[in-house]
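Visitor: When you get a sec, could you give me coordinates for this:
(one chain, ligands or ions: 1)
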Amino acid sequence: MAAGDIRIEAVSRIYGSRTGDVHALGPVSTVLEAGQTTAIVGPSGCGKSTLLRIIGGLDRPSAGRVVLGGQVVQEGLTGIGVVFQRDLLLDWRNVLDNVLLPAQLQKRDAAWARTRAMALLDELGIGEFALRHPWELSGGMRQRVAIARALLCEPAYLLLDEPFSALDALTRDQMGVLLQRVQGAGRTTSVLITHSIPEAVFLADRVLVMSGRPGALLDDIPVPLPRPRRLSMREEADFAALVRRIRTHFERTGVLTG
Ligand SMILES: Nc1ncnc2c1ncn2[C@@H]1O[C@H](COP(=O)(O)OP(=O)(O)OP(=O)(O)O)[C@@H](O)[C@H]1O
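Guide: Residues are numbered from 1 along each chain as shown. All right, here's what the predicted structure looks like:
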């Protein structure tokens, strides 16, 4: 499926609760360009996950709308891959059968799906674990399975909600490198929520910085670093300058001190 843009049009979300309404998000308006990876960073509770869920049709905005490649988002859209912090693998299915799940739900050709699943697992370095069960794998390996599952049906959109935040620092770095390898340059429009500013810069073509709740856009930062990105680039001056620019927002608003 070809990548399309993501138009976020005056989206806001207010959650009703017994103790009063919570204005969680917005209004937020922007266009995420087709084929790009956009990272969203912001203080805890500012509505990042809410925005991602609305983009994916997993939650509805209180006002505004999201349009994916010309189609207004509603429940049941296909062509979207999602990876959450928790991998949500099914423990009773082996790795390969977990990856194949979306193809089975979408009734895709079984032989095609199997070939693609194995190719993805190989690219992610876990092909030899295809017949193991999730409970036999480390956290980083499980998350690689979740990524393979999300990408199996070649989604036009990939939504990543803090996918690496439960992993140790070394594994996390490795996952960033692997993710950009399998993402398929230009073929997927990706949105990444992360708490790590260096991770946002490393993986994204553009970083959006959100304010505290209700989350609004504070800054919109292009990341013109060449691809493929290498971990050593994080020591370079232009990388550090981008990290500093983002960090300044959090220092100014008191989210980061020291
Ligand atoms: N279903 C819900 N009902 C009521 N309030 C909610 C609901 N979901 C989220 N909220 C509130 O909306 C706000 C935004 O939540 P959200 O999870 O989108 O933030 P976030 O930026 O992703 O946070 P974090 O970085 O800590 O994961 C929070 O104050 C949260 O408590």
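
Visitor: who does the worst-scoring helix or strand of the chain on mean pLDDT pair up with?
Guide: The weakest-scoring helix or strand in the chain, judged by mean pLDDT, DSSP states H and E, is strand 71-72 (a mean of 85). Strand pairing for strand 71-72, using DSSP bridges, gives strand 63-68 (antiparallel).

Visitor: how far out from the middle of the chain is the least confident helix or strand of the chain?
Guide: Taking C-alpha atoms, centre = their mean, to the nearest Å, one finds the center of strand 71-72 at 20 Å from the center of the full chain.

Visitor: what do you get for stretch 5-16?
Guide: That offset, for stretch 5-16, works out to 17 Å (C-alpha atoms, centre = their mean).

Visitor: likewise stretch 210-220?
Guide: Using C-alpha atoms, centre = their mean, the offset of stretch 210-220 from its chain centre is 18 Å.

Visitor: Give the rounded mean pLDDT of the helix or strand following the least confident helix or strand of the chain.
Guide: Counting by DSSP states H and E, the next helix or strand C-terminal to strand 71-72 is strand 80-83. In this model, strand 80-83 has an average pLDDT of 91.

Visitor: And strand 80-83, what does it pack against?
Guide: Packed against strand 80-83 by the contact rule (3 or more C-beta pairs under 8 Å, 6 or more residues apart in numbering; DSSP states H and E) you find helix 139-151, strand 157-161. Where you see a C-beta, it was placed from the backbone N, CA and C, and this is true even at glycine.

Visitor: nearest to residue 2, of these?
Guide: Ranking the helices and strands packed on strand 80-83 by distance to residue 2, with C-beta to C-beta as the measure, places strand 157-161 first at 10.9 Å.

Visitor: circling back to that earlier point, what's the least confident helix or strand of the chain in contact with?
Guide: Strand 71-72 is touched from outside by 65-66, 77, with contacts defined as C-beta atoms under 8 Å, 6 or more residues apart in numbering.
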